[in-house]
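> structure for this input, please:
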Amino acid sequence: MTALPSGGVLHEMGRLRTTRGTLMLILGIALLAALYVALYRAHVESQTRRVELVMDYPDFSALARSYGYNELQFLIALRRAGLTSLAVPEELGSGINSGNGAVLLPGQTLIDTARLGPVSDPLLSSLARAGKLSPDELYLVVYTAPDLARYRATIALHLGGHAVRVLRQTLPAILAIRSQVDFFSSLGFGIPAAQLALAHDANLLLVPRFQNDERFGAPEIAGLIGSVRAHERISTAVFFGLRNQVLGYPDHLDDTATALQGFGINYGSIETYDQNQIQHGNEGLAQRLPSLTVRVQAISKTEQDKLDFRTIVARYLLGVRERNIRVVYLRPFLHAEGDLTPEAANVEMVRQIADGLHSSGFRLGRATPFRPFGANIFWIVVVSLAVPAVILLMLEDFGISSRRWWLVAFALDLLIVVAGYALHHDLLARKLIALIGALAFPVAAFVAVAPQFVLPPKASAAAALRDGLRTIGIAGGIALCGALVVVGLLSVPLTMLEIERFTGVKAVLVLPPVIVLCLYLYTSRFGAAPLGFARSLIEPVRMYQLAAAIVLLAAALLYVTRSGNQADIAPSSFELSLRSGLTAVLGVRPRFKEFVIGFPLMMLLPALTLAHRRAIGWLLALGIAVGTSDIVDTFSHLHSPLAVSLIRVLNGAIAGAIIGAIVVLVYRRVLRLRAIRSRAPGSAAPA
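Residues are numbered from 1 along each chain as shown. Just a heads-up that it's a prediction; the model follows:
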């Protein structure tokens with residue numbers, strides 16, 4: 001007869017059940033708080049559905065001039081197809097002579113010309129004869145009144161009023177500018193009136209593109225931005241320049257933010273995955289303008305020339321749907337497309353992008369920024385409790401339980417949050433807690449399916465498949481809880497705009513599989529005898545084990561270099577084609593690490609025989625941990641809309657379950673065939 005548990009053991013079991021129940025209650029409350037934050041964020045995202053389709057004017061104008069197209073009629077056709085805005089940059093000094101509004105003549109050039117023959121302009125001719133032309137000055141001949149006013153104002157902004165003299169007030173006016181020609185050529189002198197009029201006549205919003213001057217202060221910045229007020233329909237400022245700086249960098253970002261707020265102009269933060277291409281001052285300006293910042297997607301001219309028509313359209317649609325892009329910055333397609341001329345091809349490109357956005361529930365017009373919303377410290381404290389709770393629950397699974405651990409874990413969690421708010425670095429504190437949670441929940445998901453390593457496989461295929469789906473539900477559900485905690489802690493406009501990034505993406509993908517492998521090898525919870533650290537150091541290594549280790553190390557290296565927002569290795573053309581196909585079929589592409597590795601192995605685990613589980617258990621542990629880590633990582637890309645991330649994981653779970661079911665059925669078929677052969681007359685007895 002089995003001995004009954006003693007009173008002390010029963011008391012201890014009851015205490016453990018009580019503490020575990022308390023931890024589960026705390027975890028449940030924290031997850032509900034995180035769900036509240038996530039639902040509010042989803043509501044904000046649902047109200048930010050207006051997208052701006054912008055055409056780059058310099059490239060557009062070059063195409064129109066090359067083929068002799070009428071610019072205004074071309075723009076009207078593009079507007080009818082869905083174009084909302086025209087992006088017009090400042091005129092650089094180097095581009096003055098390429099227009100028809102003015103001519104820039106270096107003083108030495110004028111002097112040399114006068115020596116060789118007469119100068120047609122009477123004033124310049126008389127100055128030349130009198131020897132009053134200076135080689136240290138530049139002479140600007142201006143033919144229109146609006147351009148004269150623009151040049152006088154902008155030259156004074158850059159060089160000061162003392163650097164320019166008006167030699168003739170009447171048109172064509174002549175300005176004498178004391179500057180060096182190479183320096184003057186790099187300066188920006190406002191947006192020409194003709195281009196402002198073109199945008200106005202085409203009934204398009206204006207996207208002004210200003211270049212920074214590090215000497216600008218508040219008056220100069222306000223004057224430059226205010227120089228385009230006459231257009232009256234200004235939408236988003238997108239900065240450019242040889243130094244790749246936002247206006248006001250480095251010392252006057254506050255002045256730029258004040259000017260943009262005063263004129264009600266959005267700030268366009270250009271998306272880039274190369275750190276060297278990020279505009280200097282982008283993060284600082286966006287942090288000052290969270291309620292006016294919108295994400296801009298552009299394809300460089302060099303890259304676009306290598307892409308086909310459909311790829312360009314698909315890339316822009318993907319950016320809007322999956323990365324919160326709200327300004328699509330277009331450059332003209334320079335080639336014919338089938339029977340379409342370049343003009344018709346561009347109209348069709350805009351139409352297809354507009355139709356694709358409409359079909360996805362977006363509207364066209366002035367880009368809408370995210371409504372400002374913050375994270376109340378009360379909700380952050382409650383959500384953060386999920387992290388120590390799940391860690392303590394895992395420790396209890398391995399027989400580690402103490403009130404001291406409770407005190408340390410929860411006190412440390414609260415200390416980090418409160419200290420972050422007290423020091424005005426609350427987002428940094430929340431990132432730290434979110435990172436710990438993002439590491440803990442994938443491990444907890446694996447620990448939760450530990451019984452599947454020791455339970456005997458089911459006799460029927462249907463039962464085995466049900467166990468596989470249950471494993472996916474448990475492991476995937478706990479990983480989703482971890483993702484929910486990350487979302488609950490870090491959902492603010494700056495992270496949704498990718499101005500503030502989730503720190504530790506590679507760690508989220510790498511550390512949980514390593515931790516899981518150690519738990520599998522060095523604990524007894526997964527059915528195998530613990531290896532023991534000392535024993536693992538003296539165990540002989542066989543050749544096949546060495547080969548497997550080399551292959552695994554190479555796979556891990558590839559896994560790490562391909563992970564994160566900025567992968568070190570670009571995907572192959574085959575992979576890009578496969579991604580495009582999955583996106584076309586499923587709408588949102590599932591991630592390979594989930595539907596090819598993680599979810600199929602979760603399906604396969606319960607179907608394996610105990611002997612097979614012991615043989616490849618370490619590989620199953622790694623693969624399942626890769627899948628659960630990737631679920632959390634999917635939601636760590638906080639610039640992706642929540643609905644998109646959720647659909648991505650669900651698509652991965654469905655596809656992975658199907659692949660896993662096929663593998664399970666094939667595996668069981670092979671087992672049956674082997675059993676039949678072993679029972680056949682004359683066959684060798686099984687070992």
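> residue 482 and residue 448, how far apart?
Distance of residue 482 to residue 448, given as Cβ to Cβ, to the nearest Å: 12 Å. (Each C-beta comes from the backbone N, C-alpha and C, glycine too.)
> who's more crowded, those two?
Taking neighbours as other Cβ atoms under 10 Å, residue 482 and residue 448 compare with residue 482 leading, 32 against 19.
> which element is that one on?
Counting by DSSP states H and E, the element that carries residue 482 is helix 461-490.
> output the contacting helices and strands for that helix.
Counting contacts by 3 or more Cβ pairs under 8 Å, 6 or more residues apart in numbering; DSSP states H and E, helix 461-490 is packed against helix 7-46, helix 377-384, helix 386-397, helix 426-448, helix 599-604, helix 610-636, helix 642-679.
> so which elements touch the last one?
So that's helix 642-679. Against helix 642-679 (3+ Cβ pairs under 8 Å, 6+ apart) you get helix 7-46, helix 461-490, helix 599-604, helix 610-636.
> nearest to residue 170, of the helices and strands packed on helix 461-490?
Closest approach to residue 170 among the helices and strands packed on helix 461-490 is made by helix 7-46 (56.5 Å; Cβ to Cβ).
> partner strands of the following helix or strand past that closest one and their direction?
Note on helix 7-46: by DSSP H and E, the next helix or strand toward the C-terminus is strand 50-56. On the basis of DSSP bridges, the sheet neighbours of strand 50-56 come out as strand 85-89 (parallel), strand 325-330 (parallel), strand 363-364 (parallel).
> got those as JSON lines, with mean neighbour count, distance to residue 70 and mean pLDDT columns?
Formatted as JSON lines, the strands paired with strand 50-56 follow (neighbours: other Cβ atoms under 10 Å; distance: least, Cβ to Cβ, whole Å; pLDDT from 0 to 100):
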{"stretch": "strand 85-89", "mean neighbour count": "26", "distance to residue 70": "15", "mean pLDDT": "97"}
{"stretch": "strand 325-330", "mean neighbour count": "26", "distance to residue 70": "19", "mean pLDDT": "97"}
{"stretch": "strand 363-364", "mean neighbour count": "14", "distance to residue 70": "24", "mean pLDDT": "97"}
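> tell me which of those strands sits nearest to residue 513.
Across the strands paired with strand 50-56, closest to residue 513 is strand 325-330 (Cβ to Cβ), at 32.2 Å.
> coming back round to it: could you dump the helices and strands packed on helix 642-679 into JSON lines and include mean pLDDT and distance to residue 218?
Listed next are those as JSON lines, based on pLDDT from 0 to 100; distance: least, Cβ to Cβ, whole Å:
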{"stretch": "helix 7-46", "mean pLDDT": "82", "distance to residue 218": "32"}
{"stretch": "helix 461-490", "mean pLDDT": "96", "distance to residue 218": "34"}
{"stretch": "helix 599-604", "mean pLDDT": "96", "distance to residue 218": "56"}
{"stretch": "helix 610-636", "mean pLDDT": "92", "distance to residue 218": "39"}
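> which of these sits most buried?
When the helices and strands packed on helix 642-679 are scored by mean count of other Cβ atoms under 10 Å, the highest mean neighbour count falls to helix 599-604 (a mean of 28).
> and it, what does it pack against?
helix 461-490, helix 610-636, helix 642-679.
> redo those as JSON lines? Include distance to residue 175.
Formatted as JSON lines, the helices and strands packed on helix 599-604 follow (distance: least, Cβ to Cβ, whole Å):
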{"stretch": "helix 461-490", "distance to residue 175": "53"}
{"stretch": "helix 610-636", "distance to residue 175": "55"}
{"stretch": "helix 642-679", "distance to residue 175": "54"}
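> thinking again about what came up before, to residue 322, which of the helices and strands packed on helix 461-490 lies closest?
It's helix 642-679; of the helices and strands packed on helix 461-490, that one is closest to residue 322 (Cβ to Cβ) at 5.1 Å.
> give me the angle between that closest one and helix 610-636.
170 degrees (axes from the mean of the first three to the mean of the last three Cα atoms, to 10 degrees).
> give the rounded mean pLDDT of helix 642-679.
The predicted model gives helix 642-679 an average pLDDT of 92.
> give me the buried positions along that helix.
Within helix 642-679, the residues that count as buried by 16 or more other Cβ atoms under 10 Å are 642, 644-649, 651-653, 655-657, 659-661, 663-664, 667-668.
> one more: stretch 428-440?
429, 430, 431, 432, 433, 434, 435, 436, 437, 438, 439, 440.
> before we move on, what about stretch 342-359?
342-343, 345-354, 356-357.
> quick one: end-to-end distance for stretch 366-373.
Counting by Cα to Cα, to the nearest Å, you get 21 Å between the two ends of stretch 366-373.
> what does that stretch contact?
Contact partners of stretch 366-373, identified using Cβ atoms under 8 Å, 6 or more residues apart in numbering, comprise 40-41, 44-45, 47-52, 84, 205, 235-236, 266, 268, 290-294, 326-327, 492-493, 496-497.
> for residue 36, which of the helices and strands packed on helix 599-604 is the nearest?
helix 461-490 (7.9 Å).
> name the next helix or strand downstream of that closest one, please.
helix 493-496.
> only C-alpha atoms, please: export that following helix in CSV.
Extracted as CSV, the C-alpha positions of helix 493-496 are listed here (Å, rounded to 0.1, in the frame of the first residue of the first chain):
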residue,chain,number,x,y,z
PRO,A,493,4.2,57.2,-30.8
LEU,A,494,8.0,57.4,-30.8
THR,A,495,8.4,53.6,-30.9
MET,A,496,5.6,53.2,-33.4
